[in-house]
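Asker: Sequence first, then the predicted structure, then my questions.
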Amino acid sequence: MKKHTFYMPRLRGEKIILLVVFFVVILFFSTDFGLIDIQKTAIILAAGIDRTEDGLFSVTAQIAVPEASKSGGAAQAIAVSGSGETVARAFQEINTKTGWFPKLIFCDLIVLGETVTKNNVFDCLGYFLRNEQMSDNCLLAACEGSARDALSASSPTEDMTALALQKILATEAKESGNISTVNLKDFAIGYFSPHKSGYMPFLYLLSPEEGGAKSEENAQSGAGGQSAAGKGKAERGKALSAAAQGGKDPSSAPQKEEKIFYGACTAVFYDGKLRAVLGQEESFALNLAVGKVRQATLQVPLPDGTVYALTLTNVRAKTTAREENGLPRLQVRLKAVARISDCTTPKDIENIAATNTVRQRLRRGAETILSDALATAFETCRRENCDIFGVADRMRKYHTAFYNACKDTLLQRTAATFEVSVKDSH
Amino acid sequence: MKNDLAAGGAAGQPQNSSSGEKNDKHTITTRQLCFMLAFFLPANKLILLPAVLTQYAENDLLLSALAVFAAQGVAVFALLWLMTRTDKTLFELIAAKFGAWAARIFYFLFSLYLLFSAVLPVTEHRLYIQNTMYDTLPTILIFLPFFFFSGYAAAKGLQCAGRAADVSAPLFLFSVPVLIFMSVASADFTQLLPVGAAGTGRIFSGAAHILSWCSDAAWLAVFLGNVRTERRFLLKTGVSYACGAACVLFFLAIFYGIFSAVALNESFAVIKIARYYNALKTLGRIDLLFIYVLSLVQLFALTLPVQLSAHTMGMAFNADMPPLFSAIVNGVLLLVVLFTSKSFPSLEQTINGYLFPVFLLFGYALPVLCPLLAIRKNRRKGAKKA
């Protein structure tokens, strides 16, 4: 009878070592195989920071709850608060109270409450800069009132407030000139630069009815920056209580009033403190001058009461700073191509069809609005010592000797000119 | 045909490098050497070096780096030139000049230096992996697999390093250009202005603090006599070195252009520069794919000084037992990594702040002096003839 022998393939020692090496290299790059115990991890989508009356930080974290609700809806988010002398301690308190380990890797938004912006905001932002796991690409915004209210509000546009806010502050919004979007890194660069200045969107929390009125009010203001002081509502509740406002089936929770966020205004900072809030027109002009705006809409009222909406494309801004007769001079040149996108009075069909023909007085009107808004924004910022047009930065780079000679009074002595040129594509 | 300037008996040839014909186990090709210079050279300079350099040289970090690469270029060129002039290894050259024992002692010291030069990059890499690829603080043991890898490579001779360079080339070309493409649009190169603002002192201080990362000429010395030189060897290798240096300089420019005033806080540069790429908001962190690929190249580059240390130690003891020396070198390195796991800043400060003359000696002075081992002999011969 034939004997069947099973031969094990013999591996040479070298091959075994190679296999072991291959295996351990996989382990090396596995990042623990990316396993997250979802039951014990809080995926933080946004963080809101306030200061309590005791001077503690109150951190409100909007946490994604990845399980489907009983009603079969989409993933929900809840807002949980914790407080402490430092932001790290506040996060630790959230961990202690909920048992969830806060994971900031998905945190794409930080909202600063009014109580925080009265002091140097880097006493709390430092935590996020030190955190290696968190991206400093996250968006920043200041808000009227408390950040906790903002993150706890219910938005009509998104189930999760954090996502609604991120939509408002998205880069796309920046490219339309409506929002002064900024991320943590860029804001920190401004703060740690010699001019110590920066800006971020300023959010108002409004009911849907208030939203239209606010937009109208700001559009018509154009009267310059509003004082930051005393603009907010009183901080509600004691943040120290750190109440978790969710975790239950949303269907059983009482319906919260829906709020919309209005973020067309810009908070300007010097030395980490909020110094002024620019209105919508100044913010818009500022975004055209310092941002990368691709397409924007500007309303131009004419003396006869007709209001035209112009779409601005090919927006090109060039900002230069130089020494002129012993004085620093800032020059902002803004060029754009306009076409008519709307009008408040009915027009004949030939007029509607000629969108590319923009009459001279309309173009002059647009130029005046933008240059006035830029001048107002500059004056407001100069009054508060906020160098958001980057005068000091430019002088330091290109006219170093002059900058070194007069860096302390540079902004105050700067003469600024704003040249806006709006053309039509006809 | 090489003009062997250092002709003469090489007394005390070690067993693992017979005098007549070169041991193929330790021979690499010109292509592999070029790949090492172009891809190994920049690989591990993209992690901590940019932030450390910014700390000292601020916006003039490019000037510091340029000074270091220029000085290192002289050392590299001296060795490359010597490779075209002689087939002898450094050991043979020293043995011919000063005797076998002197060569052994020198190789032992050189072996210790190579091991020492591996300490900072390996601990740096451990920190990098631990902090960036893991969400929560992992155990120190996650880095142990590196020593299996390194131990295997160090036991296989110099040819293994050449093959690693072959493998690294496509990986590097697949990852680094993409990372640079993703990040270059976010960089504002005017942040590098005004040139020279940091002052000469800070620029040279920055240069001194990165010597530990930029002492690549030292490992080139071990390859002396172990490279199959081809036509236009100097041109090919010189261009490769220039490419490697240019890659680092461009990376530094992008890094400072992106982070400027906060650059010194951005410790693990390579994992951070691409994350401002607009498409990542939609696609997710696809840049991590390229960073993982680059990590493989960095691993190969990390093992190189360990391999060379084991090799030179074997030469010093005149023993053909690569696994034993690999085990010794990797064991010592493992212990150092374990003991310094909680004190990286002190380690970094000690090596870069106080021990940089060691790198200056072995990574710069020694390679520049190497051609003298050959030239002096020739002159003496010429004098005798006259």
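Answerer: Now that the structure is in, tell me what you want to look at.

Asker: For the residue in the stretch 301-426 of chain A that chain B sits nearest to, which non-adjacent residue is closest in space?
Answerer: Going by C-beta to the nearest C-beta, chain B is nearest to residue A:397 of the stretch 301-426 of chain A, at 3.9 Å. In short, each C-beta sits where N, CA and C put it, glycine included. Once flanking residues are discounted, residue A:397 sits nearest to residue B:193: 3.9 Å by C-beta to C-beta, 6 or more residues apart in numbering or on different chains.

Asker: what sits against the one you found?
Answerer: Neighbour list for residue B:193: A:397, A:398, B:59 [criterion: C-beta atoms under 8 Å, 6 or more residues apart in numbering or on different chains].

Asker: burial count for the first one?
Answerer: Right, residue A:397. Using other C-beta atoms under 10 Å in any protein chain shown, residue A:397 has 19 other residues around it.

Asker: Please apply the same query to the last one.
Answerer: Burial of residue B:59 is recorded as 23 neighbouring residues (other C-beta under 10 Å).

Asker: want to try TSV for the contacts of residue B:193, with distance to residue A:206 and pLDDT as columns?
Answerer: Output for the contacts of residue B:193, formatted as TSV (distance: C-beta to C-beta, whole Å; pLDDT from 0 to 100):
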residue	distance to residue A:206	pLDDT
A:397	41	91
A:398	43	92
B:59	43	92
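
Asker: Sort out for me which of those are in helices.
Answerer: Among the contacts of residue B:193, the members found in helices (DSSP state H) are A:397, A:398.

Asker: closest to residue B:288 among the contacts of residue B:193?
Answerer: residue B:59 (28.8 Å; C-beta to C-beta).

Asker: Now that closest one: closest residue in space, sequence neighbours ignored.
Answerer: The spatial neighbour of residue B:59 that comes closest, neighbours along the chain excluded (C-beta to C-beta, 6+ apart), is residue B:192 at 5.3 Å.

Asker: How is chain A divided into domains?
Answerer: As given by automatic domain parsing, the domain ranges for chain A are A:36-287, A:294-426.

Asker: mind checking pLDDT for residue 213?
Answerer: In the absence of a named chain, chain A is used. Looking at residue A:213, its pLDDT is 56.

Asker: Can you look at chain B instead?
Answerer: What the model reports for residue B:213 is a pLDDT of 92.

Asker: neighbours around it, how many?
Answerer: Residue B:213 has 25 nearby residues by other C-beta under 10 Å.

Asker: again with residue B:43
Answerer: 29.

Asker: What's the separation between it and chain A?
Answerer: Between residue B:43 and chain A the computed distance is 16 Å (C-beta to the nearest C-beta, to the nearest Å).

Asker: Tell me who's in contact with that residue.
Answerer: Residue B:43 makes contacts with B:168, B:172, B:294, B:297, B:298, B:300, B:301, as judged by C-beta under 8 Å, 6+ apart.

Asker: Excluding covalently adjacent residues, which one is nearest to it?
Answerer: Of all residues not flanking residue B:43 in the chain, residue B:301 sits nearest, at 4.1 Å (C-beta to C-beta, 6+ apart).

Asker: how about the one you found, secondary structure?
Answerer: Look at residue B:301: counting by DSSP: H, G, I helix; E, B strand; the rest coil, its state is helix.

Asker: now the strands for the stretch 51-200 of chain A?
Answerer: A:57-65, A:76-84, A:101-103, A:109-112, A:139-143, A:197-206 (DSSP state E, counting those that start in this stretch).

Asker: Output the contacting helices and strands for the fifth one.
Answerer: Under the contact criterion of 3 or more C-beta pairs under 8 Å, 6 or more residues apart in numbering or on different chains; DSSP states H and E, the helices and strands touching strand A:139-143 comprise strand A:109-112, helix A:114-117, helix A:161-168, helix A:184-192, strand A:197-206.

Asker: And the third one, what's buried?
Answerer: What that stands for is helix A:161-168. Going by neighbour count (16 or more other C-beta atoms under 10 Å in any protein chain shown), the buried part of helix A:161-168 is A:161, A:162, A:163, A:164, A:165, A:166, A:168.

Asker: contacting residues around the first one?
Answerer: Under the criterion of C-beta under 8 Å, 6+ apart, the neighbours of residue A:161 are A:46, A:62, A:77, A:79, A:150, A:151, A:152, A:153, A:154, A:155.
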